[in-house]
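>>> build me a structure from this.
(chains A and B)
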Amino acid sequence: MERNKLLPLAHLWAAFLCFLPAIGLGVWQMLMRSPLPAPADDPNLYYASVTAHGSIMAYVFPTFFAMGFGYAIAVSALGRPLHGEKWAWAGFFLAVIGTVIALVPVAAGRSSVLYTFYPPLVGSPWYYLGVALVIIGSYFWIALMVLNFRAWKRENPGKPVPLAMFAITACALLWGWTALGATSEVLFQILPVTLGWRHTLDAGLARTLFSITLHAIVYFWLIPAYIAYYTLMPQAAGGRLYSDTMGRVTFVLFLVFSIPVGLHHLFMDPEHGAGFKFVQSVLTFMVALPTLLTVFTITASLEIAGRARGGKGLFGWIRALPWDEPMVLAVGLSLLLLGPGGFGGLINMSFAMNAMIHNTSWVTAHFHLIFGGAVVIVYFAIAYELLPRLIGRPLVSKRLACLQLWIWFWGILITTIPWHIAGLMGEPRRYAIFDYSDPVAAKMAPLVILSVIGGLVVLSSVLLFFYVLLRTSFAPVAESMLPIRYALSVNPPATVPPLLNGFAFWNVILLALVLIAYGYPIGQFFFLHNQNAPACSLSREITK
Amino acid sequence: MSRGNDPSRLHNPWRFIAFAIVSAIVVVAFGLGFLLLPRYQGSHTPSSEKDSMYHALGFHTHANASSSIQPPLKIPTYIAWTDTTIRQAANGDPKRGEVIAQDCTACHGEKGLSTQPWIPSLAGLDPLVLYKQLDDFRSGTRLSAPMSAIAQSLTPEQYADLAAYFVSLPGLPENRGERPPRPHSSYRNHDPVERLIYAGDPKRGIAACASCHGPGGYRIGAPALTKQNETYIDQQLHAFAQGTRANDMNIPMRTIAAMLTESEMRALAQAYANEQPQQP
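Modelled structure (predicted):
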């Protein structure tokens, strides 16, 4: 196997091998929260499990996936070998080691702090160090993406950078900036306590720093899926991308607006005044813009493909689309789920409406719907597209792949819709167990059971996914495989404005926005009264 | 795109337009958040632009609080878990503590293991717990005639020394906040006492005992109860319930104990006293 193919392959497998146990844990967690009997019925285990599930799904799985996809794009879209492959492997192994280091204390029950940390709760230092290693590994990737992006621009002056590469570089930059929030929280607030140097920390400051990461990380997950929307799907549908420029504007908007908005996760927190909360609420609405642009552009691209395939009439083109292509099906289903997911998000980010659903299961259901329904379903399709080309063996069955995507779609719907409703009824989040003999909780019981059934459907879809991947891995080698091809736009750009061909200007705008939106909310902690609180360690040894 | 061949002509207007749009959004957001929103939010209408800015930044003027008559503050304890306090409480000298502890043996037993059921065993007790209780006896927020007199005769350094000595003795198992996974610790368990210890009772607002007192949970300042004297635990629950003991920060124990029935208190005391410590 060619070496440049081994790199993305290793990343893809690392991502999905972590994904599988995390899904299993998720199903068990649904069972624990339900009135049904659950094996190993222990709330402490539940929190350990949620920590593992969240850490894998939020940090490890998407990071490996984005890294692998990024390396594949850098080689295939730029048409040149990857600069600095050795460093890429170094980053990969750092992230693998970090994953193991983080998950061992979690499995031992010493770091049940959930993936969002929740200081003043603190766990074993190894957990944070492991997560930090995963992030450091991904910084190698960020540097390599920027390096390869710039090298290509130097060699091809005046030419537009291919959209896929432009987008994955935006994704890498976004992750690079946003990860600084959680990193500084861990470095300056949590680690000094968990290493025993200090006994107190400022929970408000720690939460504010984390909010810098907490929202933009969602777009770090989402952008690889959007890259497939823009560059892989139109090709698979047999059409063209409606507009290349629209794609560039979308990814630039994500880069600029997804970070100075994190305060909307802290609307109910007392450490901030209403003014900055509202400012960030307004900025959050700006992040809806690129998604609306995308929905328009991708629907237009689908229509172009549908009409090119002979679809007629107002809606006839929809039927003419090749829904037996996993990539087309995945993007179609993902767009469908993006609808309810996105509107739910608009409720969460609204300054006043947030109060209705804050800290209820609604929020958990929302991010499962967005991540599972709109993002991971496209990750599956990307894997179906990428993996056969990396190993030179054709996908064993498109029919099975499509079936898997359909099962996933229904599984996610059955899991998350009742979950949303239970949240509206007031079911709190982050609870291990519910007393269903309480009449208030009893009303939610049927909904929770429905969610468990959805979880089982999701699990069966994942098993089918692995079956297809493994069958493909052992299929006979094809004589020749078409290389990955990125969709042309209707009017392929000969030149683009330099602003949409690089990130220097946007980085400046982004930093200015972050300073304006976060300068005071973070700065206030340094001149207001000392608000340190004793850290609440899960195990006794930390306060020794 | 007809003029797209000349990059320099495209460059300048777009840069300006992008900058202008982003600035406009920020200005509008600040105008709404800092000038308009405070006027319509809450009962306190700002009197001036400056006032509404302060409101939006999170400074609140408590104009009414000082003029109205307030009940006297009831302070449950003078201990706050700051870095300094934790450091002082955790760094005692067990050698010096052993000498002072000669005076404790009459009631708390030879090696910190009390033989009288209403007096707590101190061997193995968490140093922060012992330090806080002695300080509370001294300040009078926890009442006991002999203990108040004793605590007043000692210095905070001596509290720490005593704490270091007692924790070094074998007795009450240390609460490390860990336990092996233990099935049936949720509401699915049919034993009401086990359910209270590991899952609590949300209908009455009772949190699980184990989440602070162990096994499997640890909270700063909360003693481990495993193997503690049964009568002592029972009596303290009663004292919390009736408010005769009121030195719990943020009133968790007074709230919970007031919700417990007589038989539940007895059963909990019995369950903790007879609980076998688990190997982590």
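>>> please count neighbours and contacts with C-alpha atoms only from this point.
OK.
>>> tell me where the stretch 401-544 of chain A has helices.
A:439-442, A:445-473, A:504-527 (DSSP state H, counting those that start in this stretch).
>>> of all those, which one is nearest chain B?
helix A:504-527 (7.6 Å; CA to the nearest CA).
>>> next, the buried residues of the closest one.
A:506-507, A:509-510, A:513-514, A:517-518, A:521-522, A:525 (16 or more other CA atoms under 10 Å in any protein chain shown).
>>> closest one to A:Tyr127 out of those, please.
The closest of these to A:Tyr127 turns out to be A:Ile522 (CA to CA; 25.4 Å).
>>> next, format the buried residues of helix A:504-527 as CSV and append pLDDT and distance to A:Val396.
What follows is the buried residues of helix A:504-527, written out as CSV (pLDDT from 0 to 100; distance: CA to CA, whole Å):
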residue, pLDDT, distance to A:Val396
A:Trp506, 95, 43
A:Asn507, 96, 43
A:Ile509, 95, 47
A:Leu510, 96, 45
A:Leu513, 95, 48
A:Val514, 95, 47
A:Ala517, 95, 50
A:Tyr518, 96, 50
A:Pro521, 94, 53
A:Ile522, 94, 53
A:Phe525, 90, 57
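>>> out of the residues you listed, which touch chain B?
A:Ile509 (CA under 8 Å from any CA of the partner chain).
>>> residues touching the residue lying closest to A:Tyr518 once chain neighbours are set aside, list them.
Leaving aside its sequence neighbours, A:Tyr518 sits nearest to A:Pro260 (CA to CA, 6 or more residues apart in numbering or on different chains; 6.9 Å). If you count contacts by CA atoms under 8 Å, 6 or more residues apart in numbering or on different chains, A:Pro260 has them with A:212, A:280, A:283-284, A:513-514, A:517-518.
>>> pretty sure A:Pro260 sits in a strand.
No. Secondary structure of A:Pro260 (DSSP: H, G, I helix; E, B strand; the rest coil): coil, not part of a strand.
>>> what distance do you get for it to A:Val287?
Going from A:Pro260 to A:Val287 by CA to CA, to the nearest Å gives 10 Å.
>>> same question, A:Gln29
From A:Gln29 to A:Val287 the distance is 31 Å (CA to CA).
>>> ok, residues contacting stretch A:314-327?
With CA under 8 Å, 6+ apart, stretch A:314-327 has contacts from A:232-233, A:236-237, A:302-303, A:305-307, A:309-311, A:328-329, A:378, A:381-382, A:384-385, A:398-399, A:401-402, A:405.
>>> can you give me the mean pLDDT across the helix or strand hosting A:Phe343?
A:Phe343 is part of helix A:326-349 when elements are defined by DSSP states H and E. When pLDDT is averaged along helix A:326-349, the result is 95.
>>> in the stretch 151-300 of chain A, what residue is nearest chain B?
Closest point on the stretch 151-300 of chain A to chain B, by CA to the nearest CA, is A:Gly273, at 3.5 Å.
>>> that residue contacts B:Met53, correct?
No. Between A:Gly273 and B:Met53 there is no contact under CA atoms under 8 Å: 9.7 Å.
>>> the residue positioned nearest the centre of chain A: which element?
Computing the C-alpha centroid of chain A and ranking residues by CA atoms, centre = their mean puts A:Trp221 first, at 2.4 Å. Using DSSP H and E, A:Trp221 sits within helix A:203-227.
>>> what's in contact with the next helix or strand after that helix?
Proceeding N to C from helix A:203-227, the next assigned helix or strand is helix A:233-236, under DSSP H and E. Here helix A:233-236 makes contact (CA under 8 Å, 6+ apart) with A:240-241, A:301-302, A:305, A:325, A:327-328, A:331, A:485-488.
>>> distance check, the residue in chain B positioned nearest to chain A against A:His272.
Among the residues of chain B, B:Gly58 lies closest to chain A, at 3.5 Å counting by CA to the nearest CA. Noted for B:Gly58: a distance of 6 Å to A:His272, by CA to CA.
>>> so which of these two has more stuff around it?
A:His272 (23 against 17; other CA atoms under 10 Å in any protein chain shown).
>>> need the contact list for B:Asp51.
When contacts are taken as CA under 8 Å, 6+ apart, B:Asp51 is in contact with no other residue.
>>> quick revisit: how about the residue of chain B closest to chain A: what's its closest non-neighbour residue?
Nearest non-adjacent residue to B:Gly58 (CA to CA, 6+ apart): A:Gly273, at 3.5 Å.
>>> burial of that neighbour, as a residue count?
Considering only other CA under 10 Å, A:Gly273 is surrounded by 20 other residues.
>>> any idea how many residues pack against the residue of the stretch 301-450 of chain A found nearest chain B?
For the stretch 301-450 of chain A and chain B, the shortest gap (CA to the nearest CA) falls at A:Asp435, measuring 6.0 Å. Close neighbours of A:Asp435, defined as other CA under 10 Å, add up to 21.
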